[in-house]
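Colleague: Here's my sequence, what's the structure:
(one chain, ligands or ions: 1)
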Amino acid sequence: MGGLKFHVLMYPWFATGHMTPFLFLANKLAEKGHTVTFLIPKKALKQLENLNLFPHNIVFRSVTVPHVDGLPVGTETVSEIPVTSADLLMSAMDLTRDQVEGVVRAVEPDLIFFDFAHWIPEVARDFGLKTVKYVVVSASTIASMLVPGGELGVPPPGYPSSKVLLRKQDAYTMKNLESTNTINVGPNLLERVTTSLMNSDVIAIRTAREIEGNFCDYIEKHCRKKVLLTGPVFPEPDKTRELEERWVKWLSGYEPDSVVFCALGSQVILEKDQFQELCLGMELTGSPFLVAVKPPRGSSTIQEALPEGFEERVKGRGVVWGEWVQQPLLLSHPSVGCFVSHCGFGSMWESLLSDCQIVLVPQLGDQVLNTRLLSDELKVSVEVAREETGWFSKESLFDAINSVMKRDSEIGNLVKKNHTKWRETLTSPGLVTGYVDNFIESLQDLVSGTNHVSK
Ligand SMILES: O=c1ccn([C@@H]2O[C@H](COP(=O)(O)OP(=O)(O)O[C@H]3OC[C@@H](O)[C@H](O)[C@H]3O)[C@@H](O)[C@H]2O)c(=O)[nH]1
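Modeller: Below is the predicted model of the structure:
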């Protein structure tokens, strides 16, 4: 694609689940000859550097995160603190405004991409620049935030789904996010998101029209501005990286599609009793299993938190692992047949692209909406039944896994058929590149001012 080359300044929220997708998108822009200045905290630099596929076109700049009361000295990313303290880190991000202005002055970008730094449009206006609010969670999550305060389970007027909703029994997922600090730190997350949506020049969402088109239209209408889609935006599979030998060896002992793999992403920390119930549910399945989760609250290792006698009983067929595993490579291993996931947005796409049966146990609000999208709207997965407190029993985990793994199960066959159809749609040739090419064209129009993007 030819045309105007532009320079983007990207300033994502200091969380892995935000910085990484911003960088994936930066790689796509850089591949087409555009340039990016990527602004992140120093610590994040080390994690992200190796994901920069175009170091000539994508230049990192580090921002110094000021200290705010209530956070340990030196905190720079949300992975270092409980999610319930995230609002303090957001207020630290607000204090970087001078630094951002300095970078804008120095690198003279054409556009600024941001997500939670809701004041970016004000900065950009002073410099005569356009801004893009880049949404890295699902469009349904944003759509459901646009009309706050409604009753759980009741769709607000015009909302495009009666299924992709938080229900009364999902109140626990909001508690999981509630701030624990008592200091006034400025706008809350909802206010930041809505201000960003309203004040940016365009909204870009990392999703596909095929799956969330109706939610994107709803956002466009509600915010009265153009919504651009980047498509799912995945990193190219890294052919130089292979699955760790220990898992290759372990998995090779099992039949195709027989192993149940469970991972709950980069943030979820279960309570100890829920963690033990999860282990017991996996034991009940009688299948080989690998659970890769963080040690539960209050325990420093997985070992010390396991249910009594568990290790002995599942020896040789069950592993509970407290460290990072290579999720995408595990999902594509022929022995893995079922993926039990929290349905974070990244994992949602990875599960859709895999050919595993999908079982979902969401923990936070957006994960619940992603779960409803997959289980109720697309019918490609099943959700584990839970009580109002959010608790799920070993029996309900077993039931969900069994319902998709049992030979000749009606629901198992249905989700498999639907999942195959969606996987084929999403991997159809040209789908991803089509999204990226259209997206870049729209940005070129935005930069050159040929299109009036505000309706
Ligand atoms: O052991 C692991 C765990 C996770 N992963 C990878 O880490 C990534 C996790 O990203 P996800 O988006 O699924 O989940 P996170 O736990 O980071 O979720 C966060 O950001 C996305 C939001 O939807 C979630 O609500 C939020 O919690 C995935 O790409 C997954 O493959 C591993 O490779 N190994």
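Colleague: What's the separation between the residue nearest the centre of the chain and Val136?
Modeller: With distances taken as Cα atoms, centre = their mean, the residue of the chain nearest its centroid is Phe345 (3.3 Å). Here the criterion is Cβ to Cβ, to the nearest Å. By it, Phe345 lies 7 Å from Val136. C-beta coordinates here come from the backbone N, C-alpha and C atoms, glycine included.
Colleague: which residues are in contact with both of the two?
Modeller: Gly17, Arg206 (Cβ atoms under 8 Å, 6 or more residues apart in numbering).
Colleague: what residues are up against the residue in the stretch 151-300 of the chain positioned nearest to the ligand?
Modeller: Nearest residue of the stretch 151-300 of the chain to the ligand: Gly265, at 2.2 Å (Cβ to the nearest ligand atom). Going by Cβ under 8 Å, 6+ apart, Gly265 touches Gly17, Ser341, His342, Gly344, Gly346, Ser347.
Colleague: ditto for Gly186
Modeller: Met90, Ser91, Asp94.
Colleague: Figure out the helix or strand that Ser91 lives in.
Modeller: In this assignment (DSSP states H and E), Ser91 forms part of helix 86-94.
Colleague: before we move on, the earlier item: burial count for the closest residue to the residue nearest to the centre of the chain other than its chain neighbours?
Modeller: Spatially, and ignoring its direct neighbours in sequence, Phe345 is nearest to Val137 (5.0 Å; Cβ to Cβ, 6 or more residues apart in numbering). Per other Cβ atoms under 10 Å, the neighbour tally for Val137 reads 25.
Colleague: what's the answer for the one 10 residues further on, then?
Modeller: By the other Cβ under 10 Å criterion, the neighbourhood of Val147 contains 14 residues.
Colleague: Assign it to helix, strand or coil.
Modeller: Three-state call for Val147 (DSSP: H, G, I helix; E, B strand; the rest coil): coil.
Colleague: ok, now which ones touch it?
Modeller: Pro156, Pro157, Tyr159, His222.
Colleague: one more time with 6 Å, if that's ok
Modeller: Pro156 (Cβ atoms under 6 Å, 6 or more residues apart in numbering).
Colleague: oh, and call the first residue 39 from now on, that's how I've got it
Modeller: Done: numbering now begins at 39, and the last item shifts to Val185.
Colleague: which stretches of the stretch 389-493 of the chain have low pLDDT?
Modeller: For the stretch 389-493 of the chain, applying pLDDT under 70 flags the ranges 488-493.
Colleague: Alongside the ligand, which residues does it contribute?
Modeller: Leu402, Asp404, Gln405 (Cβ under 6 Å from any ligand atom).
Colleague: distance of the first one from Leu227?
Modeller: In this structure, Leu402 and Leu227 are 11 Å apart, going by Cβ to Cβ.
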